[in-house]
Every structure is written in structure tokens, then in C-alpha cells.
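**Student:** Below is the structure, and that's it, no one-letter string:
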């Protein structure tokens, strides 16, 4: 299987965030990692591209163990596995089209002019081409998110990681982002791992879901499996109850 | 060290303990700056610098500082004449005020003050920008795009800072001389012709060269400290403010230490 | 009579507008600084300043900076001796009067000015950042709502502390640079300590100038920095700008005051 987290452990000082996480993701899947805030979902996916290093455990991407690679050795990994950050994280000093053009210039060897042209086409795909010359601080959250997705897709990656893509978006923008993610996996065969606690997204587009709780994977299954499970903690989360057995 | 241990430090050892902590912190910073410098040099061979970033930074840092440097240089030139005046009056040698003031200006005062102003203006700004980028995960975003932040982001800034301080120093030297000429006329009634006479006759290229070498040394120090503290910000937005403060203070100390060594070496 | 339309105004006038804008901004800025200075002085004279706040601020300024100032002044002392020695050697055969001249220039110029520049960097940034953070988090508005005067509460203790501490540190700077210079003169030019430490050319006038510079620099730094802090806008990015501007503008103010006071010192207390 293309992505495999095996017994992943990570602590920050006294906080033991991941205590042995095992997850397998299949090719072309739209895989969701869910859980309460602070449970370690973002921490988990950052390990895949080497932005964090585990204290113990292994991570396999396409059969290659990636958690102990050097920074330079990680470049090919990062080119085939892209990441869309939670706050969109566009570069404030560049316009949107320049943001998208940057990886094209750096990795495809295009000149500035050629990169800008292709970048505009990619912005068109996410319906942001009229804001090409605008700067990130001028745009709303939903628009920045779309530009960030366009930038992540410039190198045509096989895997894309989304860190809470619909958090802080209005319902319509959120559904648009969901649709983009869904199309990626259905039309382009991209394997995506989505970290989220947006219940609508989870039950609309997920193929399989893994829920993290207290440092372990509580359950892995399809959305139907989750809806039917008798586990009270999972039921509390997916029905959005304030009171219940869950400890946050 | 846990809180329990800290609470039981005997009273007499508090000062040495603080000194020790201070020294360790300084050692960590100096070491970190050295490591950063080494990494940057490694990326110079072969030179892979993003042209657009370099030009953008040169423009931003140079243009932003011209006003401040001009004002500083003008006043500095005038002040050095006022300070050198007692000496030339004492020896009844007002004709050599050009050399008297010019020597100090070129060799010492102009490069030092211009560097300090540059550090406050450009260095602090750079630390704030980099710190904000760290806090908002933009650096992580660069790494996730398989772009090396040190060669793409940092190296052009370091080169731009060194280059711009060098150019501004030359410009500042000229403006300082102008300030000195005006002051000499007003205070000692020495006209420009006489001033430039003694200046050109008795100042040799070595004095001017010292000014340039110092500006490069200061520029390197400012660039490295500014980038180091920006990249190592911890603690969100207030951490950025603290980093700016530390960066400017460290740059000032570094400038003076560099000044000492280069004066010694270039004697 | 023809009515001149907007786009028909001659280019000359439009150029004047462009020049006028920054000058107007500068004028408004200076007026603001003067206003803050007046308000601060009025508060100082009107009622007894808060002793505890004063001591807290004085500790932060003084103790916090003494190491930093000592290091830089040691270097300044040594460099001054080195450069002056080399310069004098080019025109005079011997350096017996080197110490006397250097002490005067250290007292009148380098000790107060370099010390103040270092303090502007450290203390000015701190004041602007503290006050600026309070402005953007609405704490200053909250102060006004509880009938406290922000200038009285925030600026006055820092003002008094800075004036006192800058002057004190100026004297300390002179001492440190003198010691360092004596050592350097001994090591580099083989000058006897007694020959070097020569106060014959130094008079009361030099100390008056030095003290006056210390006082005025000590006043300028907190006023400029507090003004930058109080006029912060734009969230945490604005605080960053306020801090940078505080350092640069107080340094510039110090240099300008330096010129004015040096000239005054030259005229009123002419060198012996």
C-alpha cells in the first residue's frame, strides 16, 4: 500500500501526542483523519513530508521509508506528496499568481514569464484567475485556500495532504473545497489524506476514516462503519455532542 | 533544571548562576550564527541565487535607508568638525581641519554610525519579516514545496544587506564630507577649498579602504544576526518582538567587536 | 474667468503637492512629539511621581543595559586610542598629550553619544513594544475609561527613569572607556598610565556638556519611543513597525541633539 504509518510515536516535552499510530492508506483513496482539537492530526501528517521527525516508528511512502531521510533526500518525496496548510500559508510578499508560479520556476525550470502563464491557467482551474494579481492579505479565507490548493498541485503530485481545509470557511466555500478534493481523487487518481473535524465534509466525500483519540487510532472504517458503530466516544464525536464520555 | 532545584540556589550563588546562564545563552547564539554562516557559504558554491529575490531585496533595503543614512552622515560630518576643532585651534593649524575631521570620519565614525542606523532600519525589519514567516508557517510551506529556505529566501537577503551597506557607506562618506565642509565654514571660517586641500593631501587610499572593509564586515554581522534571530523565533507574535530586540542588540555588539578587530588588523 | 479643471492644473503645482505631503507629515510628527514632551513635563511637575514604578523602570533601563553598555564602551575606548594614536603619529613626533586630548573627546562626545545610541536601541525598542502592544490590545483605551491618564501612567515613570539612568550610565561609560583606553595606550603605544591619564585639558565645561547631553538624550529616547508606541496601529505588525521606528528615530534625534549641543558646548565652553 502506498502510505503506511507504523507505530508512530511523537512527544513534545511532557505531552505524549502520538502513542503508537498505525494507519494504511490505499491508492486513489480520499482518506480522512478525524479527532478533537489538539489530538495530533496535523502532527501526524506533517511527519509524512519530513516537517516533523518521529520519536519512534516508521513511515512508508511508495515502499520507501521516509522518516529518517535527510532534508535533501526528502525533496523528491515532497515533490510527489504536496501539502495544503491550515492557514493556506501563501507567501505574503508575492501576488497569487507569483505564489503559484514559484514551484514551477524552481522545479520545472521555467522562465518567469512562462511560469506566470502556466500559473494563471492553474488559477483558472480553481476559479481564481481574476484575482491573479491580488496579494494574499487582500483576499478572504476561502479564496486563499483555493490559491493554496492550486499552488500545491503545480507539480502534479500523486499524494496531497490537506490540513483542516474547511475550518474557518463559510459553508459555500467549504463545499467548493470538498468538491475540489473529491474531483482530485475521482478524476485524477490522486491519493489524499484530509485532516478535518468538519462533519459535513467527512460524511460527504470520505472513502475511509481513521479517528484519533488519546494518541491511538480508535477506529478505521468507512463512513457507514462509523455511523453504525456502538462505540460511545465515536458516536459523541460524529453527532457533535457537548456532553459525553470523551475526554478532551 | 526543574523548578525545585532553582528555588534552592544558595543566595551567594545567584549572581554566578545568572552569569553562567547568560554565558551559555551567548555561546548558543554565537554558535548558531556561525552554523548559519557556514550553511550559507556552502550554498554559495556553486552559486544558485534567485535573481528576482536578490533584486527585490536590494531595492527594498537600499531605497528604504537612503534618507536615514543621508541625515545621519550629514550630521556626523558636522559633529566631527566640532570635535576636531579644539585640537586644530590648540595647534593653530585650522588649515588641516579637513584632514583632522576627515580621518576620523572615514576610518571610524561614518562606517560605525551608518551601520548602526542600517541595523535599526533594515536589520530589525528583516528579523520581523522572517520571524513572522516562521510563525505563520510560511517557512514550512517553502520546505513542503521542496524549496530550500536558506538558498531561496535567506541568501539573497544576506547578500543584499552586505551589498547595500557597502554602497550606502560610500554614499554616506560623501555626504559626511559635505556636512563637515559646511560645519568647518560655519565654525572655523575654513572654506571648502582649504578643507578639501588638506583632506585630499593627507588622507591616503588606505583610510578610505578601511571604511569600505569595515562596511563589509559590519554588513555581514548585521545580516547574519538579523537572519539568525528571525529564523529562531519562538512563541508567536510576542516572540517576534523579542527577536527583533535581541537582533538589534546583538548586531550592535557584533558591530563594535568587528570594529575592534578590523581596526586592529588594518592598522 | 476660466475655471481651472482638476486635470488641467499645471504640473508645477502637482509637484509641490508631492513635496508638501512628507513635510506636512514631518511637521505633524514633530508637533506630536512636542505635545507629548509638554504633557509629560506637566505631569512630572504637577504631582509626585509613583516611586515604585520609577524604580522598576530605572532597574529595567539601568541594570538591564549596564553590561551591554560596558562592552561597547570598552571597545570604543580602545578604538579611540588606536585611531587617535595613529592619526597623531602622522603629524607629531610623540604622544604625550594623547591622553589629555582623548579624555576630553570621550567626555564631550563619545561617552554620552555612544551610550545613548546603545540605550536607544535597547530601551527605545522595549518602550515602543510595551506601549504599542497595549495600544493594539485596547489596554490604553481601558486606562482612559478608568479615568487614568495614559501619559501619566505609562510615559512619566519611563521618562524619569531614562533621564536619570542615561546620565548615570554616561558617567559609567566615561569611566569604562577611560580604563579601556588607558590599557590600550599602554599595550599599543607603550604609554605610561600616568602620562596618559592627564586631566590638564579637561575642565568643568566638559563635564557640563557631558551631563547636559546625558540629560537631553535621556529625555529624547523615551519621548520618541513612547510617541511611536502610542501611535501604533495595525495589530502585531504595527507593533513591529513602531519598534523599528522608535530605534531609528530616537537614534536620529540623538545625533541631531549631539550636533546642537556640541556647537553650544564649543561656543559656551571653548576648549582650553
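**Tutor:** Structure's in. What do you need? As the structure is a prediction and not an experimental result, all values here were calculated from the model. Residues are numbered from 1 along each chain as shown, chains lettered A, B, ... in the order given.

**Student:** And the contacts of the lengthiest helix in chain A?
**Tutor:** Longest helix in chain A by number of residues (criterion: DSSP state H): helix A:171-188. With contact meaning Cβ atoms under 8 Å, 6 or more residues apart in numbering or on different chains, helix A:171-188 is reached by A:28-30, A:126, A:140-142, A:145-146, A:149, A:153, A:160, A:162, A:165-166, A:169, A:190-192, A:194, A:198, A:200-201, A:204-205, A:207. The way it works is simple: take the backbone N, C-alpha and C, and place the C-beta from them, glycine included.

**Student:** Repeat the analysis, applying 7 Å as the threshold.
**Tutor:** Contact with helix A:171-188 is made by A:28-30, A:126, A:142, A:145, A:149, A:160, A:162, A:165-166, A:169, A:190, A:192, A:194, A:198, A:201, A:204-205, as judged by Cβ atoms under 7 Å, 6 or more residues apart in numbering or on different chains.

**Student:** Next: stretch B:22-41.
**Tutor:** Against stretch B:22-41 from outside (Cβ under 7 Å, 6+ apart): B:150, B:154-155, B:158, B:224-225, B:227-228, B:232, B:250.

**Student:** and if we set it to 10 Å?
**Tutor:** With contacts defined as Cβ atoms under 10 Å, 6 or more residues apart in numbering or on different chains, stretch B:22-41 is touched by B:148, B:150-151, B:154-155, B:158-159, B:220-221, B:223-225, B:227-229, B:231-232, B:246, B:250, B:253-254, C:67.

**Student:** Can you tell me which of those residues are classed as buried?
**Tutor:** B:148, B:150-151, B:154-155, B:158-159, B:220-221, B:223-225, B:227-229, B:231-232, B:246, B:250, B:253-254 (16 or more other Cβ atoms under 10 Å in any protein chain shown).

**Student:** Which members of the residues you listed additionally contact chain C?
**Tutor:** B:246, B:250, B:253 (Cβ under 10 Å from any Cβ of the partner chain).

**Student:** Pairing partners for the residue nearest the centre of chain A in the sheet, please.
**Tutor:** For chain A, the residue nearest the mean C-alpha position is residue A:162 (1.6 Å; Cα atoms, centre = their mean). Beta bridges link residue A:162 to residue A:84, residue A:194, judged by DSSP bridges.

**Student:** these two touch, right, it and residue A:45?
**Tutor:** Yes. Using Cβ atoms under 10 Å, residue A:162 is in contact with residue A:45, at 8.4 Å.

**Student:** Need the overlap of contacts for these two.
**Tutor:** Common neighbours of residue A:162 and residue A:45 (Cβ under 10 Å, 6+ apart) are A:33, A:83, A:193-195.

**Student:** mind checking the SS state of the closest residue to chain C within chain B?
**Tutor:** Closest residue of chain B to chain C, Cβ to the nearest Cβ: residue B:86 (3.2 Å). Of the three states, residue B:86 takes helix under DSSP: H, G, I helix; E, B strand; the rest coil.

**Student:** so which strand or helix has the closest residue to residue C:151 other than its chain neighbours?
**Tutor:** Nearest residue to residue C:151, sequence neighbours excluded (Cβ to Cβ, 6 or more residues apart in numbering or on different chains): residue C:39, at 4.9 Å. Element membership of residue C:39, judged by DSSP states H and E, is helix C:11-46.

**Student:** That helix packs against which elements?
**Tutor:** helix C:156-189, helix C:204-230, helix C:235-268 (3 or more Cβ pairs under 10 Å, 6 or more residues apart in numbering or on different chains; DSSP states H and E).

**Student:** ok now do the closest residue to chain B within the stretch 1-150 of chain C, which residues does it touch?
**Tutor:** In the stretch 1-150 of chain C, the residue that lies nearest chain B is residue C:75 (4.3 Å; Cβ to the nearest Cβ). Applying Cβ under 10 Å, 6+ apart, we find residue C:75 in contact with B:253, B:255-261, B:263, C:114, C:176-177, C:180, C:184.

**Student:** pLDDT at residue 81, what is it?
**Tutor:** Since you didn't name a chain, this refers to chain A. pLDDT recorded at residue A:81 is 91.

**Student:** you looked at the wrong chain, it should be chain C
**Tutor:** Confidence score, pLDDT, at residue C:81: 89.

**Student:** Pull up the residues of the stretch 101-250 of chain B that are close to chain A.
**Tutor:** Counting by Cβ under 10 Å from any Cβ, the stretch 101-250 of chain B sits next to chain A at B:129, B:132-133, B:136-148, B:150, B:152-153.

**Student:** about what we covered before: name the weakest-confidence residue in the ones next to chain C among the buried ones among the contacts of stretch B:22-41, if you would.
**Tutor:** Ranking these by pLDDT, residue B:246 lands last with 89.

**Student:** and that one, backbone torsions?
**Tutor:** When read as degrees, to the nearest 10, the backbone of residue B:246 gives phi -60, psi -40.

**Student:** residues near the residue nearest to residue B:100 when sequence neighbours are not counted, how many?
**Tutor:** Nearest residue to residue B:100 in three dimensions, chain neighbours excluded: residue B:84, at 4.0 Å (Cβ to Cβ, 6+ apart). The number of residues packed near residue B:84 is 26, by other Cβ atoms under 10 Å in any protein chain shown.

**Student:** Would you enumerate the residues in contact with residue 53?
**Tutor:** As the question left the chain open, I've gone with chain A. A:10, A:46-47, A:59, A:67-69.

**Student:** Chain B, not that one
**Tutor:** Counting by Cβ under 10 Å, 6+ apart, residue B:53 touches A:93, B:151-157, B:159-160.

**Student:** circling back to that earlier point, narrow the contacts of residue C:75 to those in helices?
**Tutor:** Using DSSP H, those in helices are B:253, B:255-261, B:263, C:114, C:176-177, C:180, C:184.

**Student:** Would you check the residues you listed and say which has the weakest pLDDT?
**Tutor:** Among the ones in helices among the contacts of residue C:75, residue B:263 has the weakest pLDDT, 84.

**Student:** So which residues of chain A form helices?
**Tutor:** Using DSSP H, the helices of chain A run over A:41-48, A:75-80, A:96-107, A:112-125, A:141-152, A:171-188, A:199-205, A:223-228, A:232-238.

**Student:** Could you dump these into TSV with mean neighbour count and distance to residue B:105 added?
**Tutor:** Output for the helices of chain A, formatted as TSV (neighbours: other Cβ atoms under 10 Å in any protein chain shown; distance: least, Cβ to Cβ, whole Å):
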stretch	mean neighbour count	distance to residue B:105
helix A:41-48	22	54
helix A:75-80	17	50
helix A:96-107	23	43
helix A:112-125	17	43
helix A:141-152	23	50
helix A:171-188	16	60
helix A:199-205	18	67
helix A:223-228	14	76
helix A:232-238	18	71
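
**Student:** Ok, which of the ones you listed comes nearest residue C:201?
**Tutor:** helix A:96-107 (62.6 Å; Cβ to Cβ).

**Student:** closest one to chain A among the helices and strands packed on helix C:11-46?
**Tutor:** Of all these, helix C:235-268 comes closest under Cβ to the nearest Cβ, at 9.7 Å.
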